[in-house]
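Colleague: below are the sequence and a predicted model for it; my questions follow.
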Amino acid sequence: SAPEVREAPKKIAIIGGGIGGTAAAFFLRQEFGPAVKIEVFEAGTVGGRLATENIGGYEYETGGSIIHPLNLHMKHFLDRLGLSPRADVSSKLAIFDGKELTFEESDWFIVNFIRMLWRYGFNFIRMHMWVEGILDKFMRIYQYQQFGYSFSSVEKLLHAMGGDGFLTLVNQTLEEAMLAEGFSQVFLNDVVTPVTRVNYGQSVRINGFVGAIALAGADSGLWAVDGGNKMVCSGLLYHSKAELVPARVTAISMKMRPSKTGSAANFYEVNYVGESGAAHSTYDIVVVATPLHQGMSDINFSGFSPPIPTHFPGRYHQTVATLVHGLLNVSYLGTTEKPERFFVSDVLTLDNKASEIHSLSSLNPVKIPKGYSPSPASQHKVWKIFSSQPLSQKNLQQIFLSWDSVSEKRWLAYPSYSPPHRRTPPFILHDRLYYLNAVEWAASAMEMSAISARNLALLAHHRWYEQTAKINQEDLHTRLKGEL
Ligand SMILES: Cc1cc2nc3c(=O)[nH]c(=O)nc-3n(C[C@H](O)[C@H](O)[C@H](O)COP(=O)(O)OP(=O)(O)OC[C@H]3O[C@@H](n4cnc5c(N)ncnc54)[C@H](O)[C@@H]3O)c2cc1C
Ligand SMILES: CC(C)=CCC/C(C)=C/CC/C(C)=C/CSC[C@H](N)C(=O)O
């Protein structure tokens with residue numbers, strides 16, 4: 001007799017309208033087809049940690065800002081949504097030790113190359129090769145997902161990409177991993193630390209995997225979305241024909257109802273508070289696309305065995321983004337260069353007591369006006385400072401000669417990474433209840449949330465239709481060699 005065909009799910013809930021939740025809506029629609037009703041709950045603003053701030057009539061990114069050229073899901077979203085990358089504006093990097101600039105990029109590639117070779121031998125070239133090797137393995141996920149394969153835990157996903165090497169990498173510090181590879185401590189202090197400070201606000205004691213991602217975040221060819229990165233989220237929401245529910249989810253519980261076949265079927269009840277008060281709805285599948293950690297979201301899970309905690313262990317790191325429209329005090333950076341000749345756009349910092357800030361960058365608006373070009377420090381412009389604590393008035397007076405606006409955004413930005421990690425939170429919280437942001441404990445980035453969204457859409461589909469052959473397959477890399 002023909003195998004029993006399971007009915008399609010009728011309703012899916014996604015909690016969170018950031019890049020993770022909206023990408024999940026997009027991929028779930030792709031997997032389950034047009035009939036299923038998808039609802040996205042968002043307590044704040046669509047985009048979540050992708051957000052902009054208006055200064056003087058222009059919008060500037062205050063959260064997630066850069067995208068790697070090999071981030072294929074983000075690229076694909078732009079193509080599907082008819083969005084474009086923002087026009088390129090040249091940039092110039094320097095490193096600050098709290099007193100003076102220890103490195104200032106030259107306009108000439110060869111000058112930078114010789115300086116780096118002189119100071120750090122082959123460390124610099126080898127670092128590029130090391131990161132490239134990790135990215136090569138990382139890229140395997142796209143082929144697996146293209147073929148419909150999914151993974152039931154972060155560890156299994158990492159293992160499928162990079163084998164035991166990736167699992168070792170997430171369980172040791174970047175410092176340990178790079179020292180073991182033969183990089184020098186001086187190179188780690190002078191070059192790698194400034195990158196982990198700007199990109200994750202933390203030291204080289206973050207895990208080796210997220211450390212490699214941070215270093216990839218200093219590659220060339222980084223891009224952003226014309227009009228603002230958060231446009232991808234609203235675009236995905238619209239494209240997926242999901243319904244936005246502007247409400248805060250307070251609780252998720254498991255309920256039973258009798259099914260047509262006589263046996264009991266369980267479903268999820270989502271309780272939420274919106275503008276018109278408290279309400280609840282029921283769903284066949286639920287995807288939680290917000291971090292389940294202290295200060296991030298307070299969702300009470302009831303009726304589950306084993307119990308699901310409101311907050312998993314581990315905390316999120318505070319990064320304060322302060323946007324200042326003002327005149328930079330170049331002597332704060334210990335430089336004697338005239339402000340009209342000072343074109344440095346990104347100042348990274350060393351890890352020492354004198355560096356209260358993690359970075360200082362000149363910001364370009366999300367839409368580049370015609371004829372726009374980088375301006376020197378002698379002109380009023382928008383600067384972004386990353387720090388772990390809010391800046392004091394004294395800090396601002398040291399860094400700027402004058403300013404006409406200051407806006408501060410305190411983010412619980414990404415996990416506070418301190419390997420070895422006890423255990424990464426699970427993707428599967430319960431039978432058909434999934435947790436997208438578990439992936440952030442390997443690394444937090446827009447593309448990581450998109451990869452997790454695709455993985456969970458596939459996983460939810462295969463588990464719904466009991467297609468176990470597409471879950472947790474070993475050795476996919478060898479088996480798919482030669483395929484497309
Ligand atoms: C300052 C900063 C700089 C960064 N820079 C980069 C970068 O350059 N490149 C990069 O790739 N990544 C960067 N990141 C990381 C990146 O922004 C995140 O990894 C990514 O945006 C996470 O997206 P998400 O959708 O998974 O989570 P979020 O964006 O946090 O989305 C979760 C959403 O859920 C909502 N929510 C929470 N609780 C509830 C509830 N109970 N009910 C309903 N809704 C709820 C929230 O309001 C939020 O909108 C940066 C992050 C920060 C903060
Ligand atoms: C996931 C892969 C393969 C690559 C992502 C690389 C990337 C873009 C890393 C950056 C991650 C991050 C959290 C950056 C924060 S700050 C960004 C920027 N320097 C700024 O000033 O806003």
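Modeller: Ah, there it is. Ligands and ions are numbered 1, 2, ... in the order given.
Colleague: spatially central residue in the chain, please.
Modeller: Centroid-nearest residue in the chain, with CA atoms, centre = their mean: Ala445, separated by 1.8 Å.
Colleague: which ones are touching that one?
Modeller: Ala445 makes contact with 64, 68, 71, 213, 217, according to CB atoms under 8 Å, 6 or more residues apart in numbering. (C-beta placed from N, C-alpha, C; glycine too.)
Colleague: ok, it to Gln467 distance?
Modeller: Look at Ala445 and Gln467: by CB to CB, to the nearest Å, they are 29 Å apart.
Colleague: for Gln172, same thing?
Modeller: 35 Å.
Colleague: these two: which is more packed in?
Modeller: In this view Gln172 and Gln467 are compared by other CB atoms under 10 Å, and Gln172 has more residues nearby, 20 against 13.
Colleague: for that one, give me phi and psi.
Modeller: The phi/psi pair for Gln172 (degrees, to the nearest 10) reads phi -130, psi 170.
Colleague: how many neighbouring residues does the residue nearest to it when sequence neighbours are not counted have?
Modeller: Distances taken as CB to CB, 6 or more residues apart in numbering put Gly208 closest to Gln172, at 5.3 Å, once the chain neighbours are dropped. Gly208 has 26 neighbours, counted by other CB under 10 Å.
Colleague: got it, and Arg422?
Modeller: So Arg422, with other CB under 10 Å, has 9 neighbours.
Colleague: can you give me phi and psi for it?
Modeller: The phi/psi pair for Arg422 (degrees, to the nearest 10) reads phi -50, psi -70.
Colleague: what parts of the stretch 151-300 of the chain come near ligand 2?
Modeller: When proximity is defined by CB under 6 Å from any ligand atom, the stretch 151-300 of the chain lies next to ligand 2 at 198-200, 213, 216-217.
Colleague: among those residues, which ones are buried?
Modeller: Among these, those classed as buried by 16 or more other CB atoms under 10 Å are 198-200, 213, 216-217.
Colleague: narrow those to those in strands?
Modeller: Among these, DSSP state E puts none in strands.
Colleague: tell me, which of these make contact with ligand 1?
Modeller: Answer for these near ligand 1: none qualify (CB under 6 Å from any ligand atom).
Colleague: which of those sits closest to ligand 2?
Modeller: Ligand 2 has its nearest neighbour among these in Gly217, at 2.7 Å by CB to the nearest ligand atom.
Colleague: which non-adjacent residue is nearest that closest one?
Modeller: For Gly217, ignoring the flanking residues on the chain, the nearest one in space by CB to CB, 6+ apart is Asn199 at 4.6 Å.
Colleague: now do Lys367
Modeller: Using CB to CB, 6+ apart, the closest residue to Lys367 is Gly227 (5.6 Å).
Colleague: alpha carbons only: can I get stretch 104-120 in PDB?
Modeller: What follows is stretch 104-120 as a C-alpha-only set of coordinates in PDB (Å, rounded to 0.1, in the frame of the first residue of the first chain):
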ATOM      1  CA  GLU A 104      49.100  54.000   9.900                       C
ATOM      2  CA  GLU A 105      48.100  52.400   6.600                       C
ATOM      3  CA  SER A 106      49.800  53.900   3.600                       C
ATOM      4  CA  ASP A 107      48.000  54.600   0.300                       C
ATOM      5  CA  TRP A 108      50.500  52.200  -1.300                       C
ATOM      6  CA  PHE A 109      50.000  48.500  -1.000                       C
ATOM      7  CA  ILE A 110      53.700  47.800  -1.400                       C
ATOM      8  CA  VAL A 111      54.600  50.100   1.500                       C
ATOM      9  CA  ASN A 112      52.100  48.300   3.800                       C
ATOM     10  CA  PHE A 113      53.300  45.000   2.700                       C
ATOM     11  CA  ILE A 114      57.000  45.800   3.400                       C
ATOM     12  CA  ARG A 115      56.200  47.300   6.800                       C
ATOM     13  CA  MET A 116      54.300  44.200   7.800                       C
ATOM     14  CA  LEU A 117      57.000  41.900   6.500                       C
ATOM     15  CA  TRP A 118      59.600  43.900   8.300                       C
ATOM     16  CA  ARG A 119      57.800  43.900  11.700                       C
ATOM     17  CA  TYR A 120      56.100  40.500  11.700                       C
END
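Colleague: buried stuff in that stretch?
Modeller: Neighbour-count burial for stretch 104-120 [16+ other CB under 10 Å]: 104-105, 112, 116, 120.
Colleague: now do it: everything it contacts.
Modeller: Against stretch 104-120 from outside (CB under 8 Å, 6+ apart): 92-94, 103, 124-125, 184, 186-187, 190-191, 335, 344.
Colleague: same question, stretch 476-484
Modeller: With CB under 8 Å, 6+ apart, stretch 476-484 has contacts from 140, 143-144, 146-147, 149, 160, 473.
Colleague: buried among those residues? Need that as a selection in ChimeraX.
Modeller: The ChimeraX command for the buried members of the contacts of stretch 476-484 (criterion: 16+ other CB under 10 Å) is given here:
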select :144,149,160,473
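Colleague: ok so Glu7 is a strand residue?
Modeller: No. Read with DSSP: H, G, I helix; E, B strand; the rest coil, Glu7 is coil and lies in no strand.
Colleague: where does Pro3 land on pLDDT?
Modeller: With respect to pLDDT, Pro3 scores 50.
Colleague: what do you get for the one 4 residues further on?
Modeller: Per-residue pLDDT puts Glu7 at 92.
Colleague: any idea how far Leu244 lies from ligand 1?
Modeller: 11 Å (CB to the nearest ligand atom, to the nearest Å).
Colleague: so what's Tyr200 up against?
Modeller: By CB under 8 Å, 6+ apart, the neighbours of Tyr200 are 206, 210, 214, 317, 413-414, 417, 444.
Colleague: and the stretch 201-350 of the chain, which residues reach ligand 1?
Modeller: Counting by CB under 6 Å from any ligand atom, the stretch 201-350 of the chain sits next to ligand 1 at 248-249, 289-290, 297, 299, 319, 321.
Colleague: which of those fall in strands?
Modeller: Those of those lying in strands (DSSP E): 248-249, 319, 321.
Colleague: what's the closest non-adjacent residue to whatever residue of the stretch 151-300 of the chain ends up closest to ligand 1?
Modeller: Closest to ligand 1 within the stretch 151-300 of the chain is Ser297: 3.1 Å, counting by CB to the nearest ligand atom. Excluding the flanking residues, the one nearest Ser297 by CB to CB, 6+ apart is Thr290, at 4.5 Å.
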